[in-house]
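**Student:** Take this sequence and fold it.
(2 chains, ligands or ions: 2)
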Amino acid sequence: MSDVVMKASDLRREYHMGGELVRAVRGVTLEIARGDYVAIVGPSGCGKSTLLNLLGGIDRPTTGSVTIEGSRIDQLSDAAATRFRLHHIGFVFQRFYLMPALTAIENIELPMAEAKIPRDKRVRRGRELLAYVGLEARYGHRPAQLSGGEQQRVAIARALANKPQLLLADEPTGELDAKTGTEMIELLAQVNRDGTTIVVVTHDEDLAGAAHRVVHMRDGVVVDDRRQR
Amino acid sequence: MLAALLIAAFSQSIDSTPPPRPPRTVAIDERLAADAGIHVGDRLLLTPTPGGDVGSAGSGDSVIVSALVRRRADPSEVARAEYRVRMHLDELQALIGYGDRVDRFAVSARGTAGTDSALRRINDAAFGFRAYRSRDIAVETSRTFLVVSRFHRAIGVITIVASAIFLLCIMLLKVDERRRDVAALRLMGISARSIVRSVMVEAALVAVVGSAVGVGLGWLSSQIINWHYRGVYRTPLAFAVVTPGIVLLAVSLSLALGLIAGFVAAQRLVHMSPLELLSGRREERSPAAAATAG
Ligand SMILES: Nc1ncnc2c1ncn2[C@@H]1O[C@H](COP(=O)(O)OP(=O)(O)OP(=O)(O)O)[C@@H](O)[C@H]1O
Ligand SMILES: [Mg+2]
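**Tutor:** Residues are numbered from 1 along each chain as shown, chains lettered A, B, ... in the order given. Ligands and ions are numbered 1, 2, ... in the order given. Alright, predicted model coming up:
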């Protein structure tokens, strides 16, 4: 196995808005090593989320390529890209996006059910993951009964359900107060120590400070890329 | 008053004139018995005209009520309000002084083979009249009701289709409400197929539960309708029935339409990219987009 888990080459993403061309990402080349913890930072509108979506196979680049574990995910069909995400990439968003009708453990079981993992295994792994994020007692609670920080923990447990190599997070502390934000930073560091490669987009300096490598963007390009530990 | 008498011709009354006779018997309409307070065993005076006198020769007869006749569940008789009296044919003829004439009479036979041969022999010998099987007459007289019941079925089907359209609107609203959830599911790697399937299952459940409730309500209202009109028309006739066939038609039709509604509603979700679902803005696709490399 190569120790590069993801490689992006000369990525560009352009949008057409009312006849005008918006160049959200204008030529980003990036290699991410297995086990790394990368923060992407920069001013609002500089293309961080767009880049993360391209890296995760949620969006397709106008030009350029994204290779994850040897697969050109920018060339996959929608269905194949969805399937690829299910097994290889976990996503965490600012707004959690838990299913309101499902309990915490059912939310975590969802991606495993899609991956056709038998029910008893799903429940076992769901409980393990809840314990891992410190919420074992809350497995039967619905999102509305959980605080923001607890919901984000469930979302992280869900993202890890199918043991992805990569965890991509877009402003995971954006909706949390300082204290729960700090807990979230610790949890992500723990997830990284346990072997998952993490790429996080953030405005949060503490969160960026916990990463091993910080990529600065401005106007759709990388202006600084440095390793801090 | 006796214009519409239905005459039951019992086999013995076709026989030749009887010897010294006991008091004759009649069978009267159950409703007449109830309305006039008549019981079995009561002695009645039959006269050809209302208030007629038994004294004047041949104008009246004293009879005993031997049976009460209950109306059959025949739709063609429902709206008939008049009372009926069944009497021996010779006696009726004597009473109304009408000689050797009847409008209709019924012959009953044991078994279908007997009916067939009786029918054939009567029609061979008949002059100026014809014998029909009662079943055929029943079919003939209930033709209107068949048309009415087909009409009802058409209304039922239209109702189900209309409610399926309603269900489609509900499902469209529901999926629109869940756009963000569905987008998140797609981002997580849940396939479009799974999403379509779960929306369809939900719509099918709504349809089946809805039609089960509908069948329950239909059954209840048929009970109420029957109870009401049986009272009004004093007949054992069932005015509304919920048959297994109707239930099957209703449930399977609404299930199929529910599945279609779910499928159509889900298409709206899976034909947009998850990012478009989340942001709510549809990307303007221009042919230049792919060609631009700058
Ligand atoms: N679907 C879209 N259609 C048109 N323009 C878009 C679309 N998505 C993003 N953009 C534009 O691309 C640019 C980069 O957006 P992006 O969301 O990547 O920024 P960001 O760095 O994540 O900002 P923030 O820190 O505020 O989240 C912005 O100018 C934005 O308006
Ligand atoms: Mg962003």
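**Student:** Now do the residue positioned nearest the centre of chain A against residue A:39, distance only.
**Tutor:** For chain A, the residue nearest the mean C-alpha position is residue A:168 (1.6 Å; Cα atoms, centre = their mean). For residue A:168, the distance to residue A:39 equals 12 Å [Cβ to Cβ, to the nearest Å]. For the C-beta atoms, the positions are set from N, CA and C on the backbone; glycine is no exception.
**Student:** just residue B:210 next, same as before
**Tutor:** Noted for residue B:210: a distance of 52 Å to residue A:39, by Cβ to Cβ.
**Student:** which one of the two has more residues nearby?
**Tutor:** Between residue B:210 and residue A:39, counted using other Cβ atoms under 10 Å in any protein chain shown, residue A:39 has the larger neighbour count: 24 against 19.
**Student:** Where do the helices of the chain begin and end?
**Tutor:** You didn't say which chain, so I picked chain A. Using DSSP state H, the helices of chain A run over residues A:48-55, A:78-88, A:104-114, A:119-132, A:148-159, A:178-193, A:205-210.
**Student:** wrong one, I was asking about chain B
**Tutor:** For chain B, applying DSSP H gives helices covering B:11-14, B:30-36, B:89-96, B:111-125, B:134-141, B:143-177, B:179-188, B:192-233, B:244-270, B:274-279, B:287-291.
**Student:** Please work out the average pLDDT along the shortest one.
**Tutor:** The reference is to helix B:11-14. Across helix B:11-14, pLDDT averages out at 39.
**Student:** Could you do the second one as well?
**Tutor:** Per-residue pLDDT over helix B:30-36 has a mean of 87.
**Student:** Residues in contact with it: which ones?
**Tutor:** Applying Cβ atoms under 8 Å, 6 or more residues apart in numbering or on different chains, the external contacts of helix B:30-36 come out as B:38-39, B:65, B:68-71, B:83-85, B:234.
**Student:** one more time with 6 Å, if that's ok
**Tutor:** Residues from elsewhere that reach helix B:30-36 (Cβ atoms under 6 Å, 6 or more residues apart in numbering or on different chains): B:68, B:70, B:83, B:234.
**Student:** which residue sits closest to the second one in space, ignoring its chain neighbours?
**Tutor:** Of all residues beyond its chain neighbours, the one nearest residue B:70 is residue B:30 (4.9 Å), with distances taken as Cβ to Cβ, 6 or more residues apart in numbering or on different chains.
**Student:** Same check on the third one?
**Tutor:** Of all residues beyond its chain neighbours, the one nearest residue B:83 is residue B:32 (4.0 Å), with distances taken as Cβ to Cβ, 6+ apart.
**Student:** The one you found and residue B:105, how far apart?
**Tutor:** 21 Å.
**Student:** now swap in residue B:78 and tell me
**Tutor:** For residue B:78, the distance to residue B:105 - Cβ to Cβ - is 23 Å.
**Student:** More neighbours: which of the two?
**Tutor:** residue B:78 (18 against 14).
**Student:** how many other residues sit next to the spatially closest residue to the more buried one that is not a sequence neighbour?
**Tutor:** Leaving aside its sequence neighbours, residue B:78 sits nearest to residue B:233 (Cβ to Cβ, 6+ apart; 5.0 Å). Residue B:233 sits with 17 neighbouring residues when counted by other Cβ under 10 Å.
**Student:** The strand ranked longest in chain B - contacts with which helices or strands?
**Tutor:** Secondary structure of chain B per DSSP state E: the longest strand is strand B:61-69. Judged by 3 or more Cβ pairs under 6 Å, 6 or more residues apart in numbering or on different chains; DSSP states H and E, strand B:61-69 is in contact with strand B:24-29, strand B:43-46.
**Student:** most packed of those?
**Tutor:** Stretch with highest mean neighbour count among the helices and strands packed on strand B:61-69: strand B:24-29 (a mean of 18; mean count of other Cβ atoms under 10 Å in any protein chain shown).
**Student:** now the angle between helix B:89-96 and that one, please.
**Tutor:** Angle, strand B:24-29 to helix B:89-96, by axes from the mean of the first three to the mean of the last three Cα atoms, to 10 degrees: 90 degrees.
**Student:** chain center to strand B:24-29: distance?
**Tutor:** How far strand B:24-29 lies from its chain's middle: 32 Å, per Cα atoms, centre = their mean, to the nearest Å.
**Student:** Mind listing residues that contact it?
**Tutor:** B:63-67, B:69, B:83-87, B:91.
**Student:** circling back: make CSV out of the contacts of helix B:30-36 and add distance to residue A:4.
**Tutor:** Output for the contacts of helix B:30-36, formatted as CSV (distance: Cβ to Cβ, whole Å):
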residue, distance to residue A:4
B:68, 100
B:70, 93
B:83, 102
B:234, 92
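**Student:** Pull out the buried residues from those residues.
**Tutor:** B:68, B:83, B:234 (16 or more other Cβ atoms under 10 Å in any protein chain shown).
**Student:** which among these gets closest to ligand 1?
**Tutor:** residue B:234 (74.2 Å; Cβ to the nearest ligand atom).
**Student:** For that closest one, which non-adjacent residue is spatially closest?
**Tutor:** Distance criterion Cβ to Cβ, 6+ apart; nearest residue to residue B:234, sequence neighbours excluded, is residue B:31 at 5.1 Å.
**Student:** Would you check how far apart the one you found and residue B:136 are?
**Tutor:** 28 Å.
**Student:** Residues of chain A that sit close to ligand 1?
**Tutor:** Residues of chain A lying close to ligand 1 by Cβ under 6 Å from any ligand atom are A:15, A:17, A:22, A:24, A:44-50.
**Student:** List the ones among these that fall in strands.
**Tutor:** Per DSSP E, the subset of the residues of chain A next to ligand 1 in strands is A:15, A:17, A:22, A:24.
**Student:** Most proximal residue of the stretch 1-150 of chain B with respect to ligand 1?
**Tutor:** Counting by Cβ to the nearest ligand atom, the stretch 1-150 of chain B gets nearest ligand 1 through residue B:150, at 55.7 Å.
**Student:** What confidence value was assigned to residue 125?
**Tutor:** Looking at chain A here, since you left the chain open. Looking at residue A:125, its pLDDT is 96.
**Student:** oops, chain B please
**Tutor:** The model reports residue B:125 with a pLDDT of 88.
**Student:** same question, the one 3 residues further on
**Tutor:** Per-residue confidence for residue B:128 comes out at a pLDDT of 83.
**Student:** Over to residue B:222?
**Tutor:** As predicted, residue B:222 sits at a pLDDT of 93.
**Student:** quick one on the thing from earlier: so residue B:31 and residue B:136 - more neighbours on which side?
**Tutor:** Between residue B:31 and residue B:136, counted using other Cβ under 10 Å, residue B:31 has the larger neighbour count: 19 against 10.
**Student:** who touches stretch B:252-264?
**Tutor:** Contact with stretch B:252-264 is made by B:160, B:164, B:167-168, B:171, B:199-200, B:203-204, B:207-208, B:211, as judged by Cβ under 6 Å, 6+ apart.
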